[in-house]
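Asks: output the structure for:
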Amino acid sequence: MNLEIQLGLPGPVSFEKIFGNAGPVEIELGFGKALFLLRSATEHPDCNYLGVEVSRKWFREGKRRAEKAGPPDNLRLLHAEAVDFLTRFTPPASVRALHIYYPDPWPKKRHQKRRFVAGPLLSQAERVLLPGGELRVVTDHAGYAEWIGEQLAARPALVPLEWEGDGQDLTHFEAKYRRQGRSAYRFRRRLEGPR
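Replies: Numbering: from 1, shown residues only. The predicted structure is shown next:
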């Protein structure tokens, strides 16, 4: 099994070819040390997991950890910019869930235009999610949480749901922040299907 995938010519990818099966696909955008991906792929072998990471440092670290753990057959990693991957390579209505955990909050006012959870990403989320598919976002930054809430409120097709979880830390950041007593702000949205 080839853990790392490469993108070919421009155009939509075939998840069935990438994973060798027609199972559902969930994507984590910005996977860092790959804790969420490794745990999820191991616990849910019937689902395919793709991690997309733009940082070469974190891509290498996540890949190293996955290889050391003996990666599950339903896990693939891609070094790419997430919105570009969603826009150019992800077929419409093809993804069961998008996961975004602890993105950079860009707290300075002049940097807020770099925030990831914004219009371009959310437009692509609405395009690539299956009807009933989910977008899950977590941040520890109160200002960014407020921003995310405003961005999501402007998207009526993304219907709010209660966060459900088993109390496990989603990422290494979450484990660290919990030890520090920092809050986590969680957002779960379902893409409303056609009426």
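Asks: next up, phi/psi of Gly117, please.
Replies: Actually, residue 117 is Val. It isn't Gly. phi -80, psi 90 (degrees, to the nearest 10).
Asks: surely it touches Trp147?
Replies: Yes. Because the distance of 7.4 Å satisfies C-beta atoms under 8 Å, Val117 is recorded as touching Trp147. (Each C-beta comes from the backbone N, C-alpha and C, glycine too.)
Asks: looking at the two, which is more packed in?
Replies: Val117 (22 against 18; other C-beta atoms under 10 Å).
Asks: now that one, nearest residue through space, not along the chain?
Replies: Beyond its immediate neighbours in the sequence, the residue positioned closest to Val117 (C-beta to C-beta, 6 or more residues apart in numbering) is Ile148, lying 4.9 Å away.
Asks: how about Ser40?
Replies: Across the structure, with C-beta to C-beta, 6+ apart as the measure, the residue nearest Ser40 apart from its sequence neighbours is Tyr49 (5.6 Å).
Asks: tell me what that neighbour is bridged to.
Replies: Counting by DSSP bridges, Tyr49 forms beta bridges with Glu26, Leu75.
Asks: quick one: it from Ala145, how far?
Replies: Applying C-beta to C-beta, to the nearest Å, the value for Tyr49 to Ala145 is 25 Å.
Asks: by residue count, which strand of the protein is the longest?
Replies: Secondary structure of the chain read by DSSP state E shows that its longest strand is strand 129-139.
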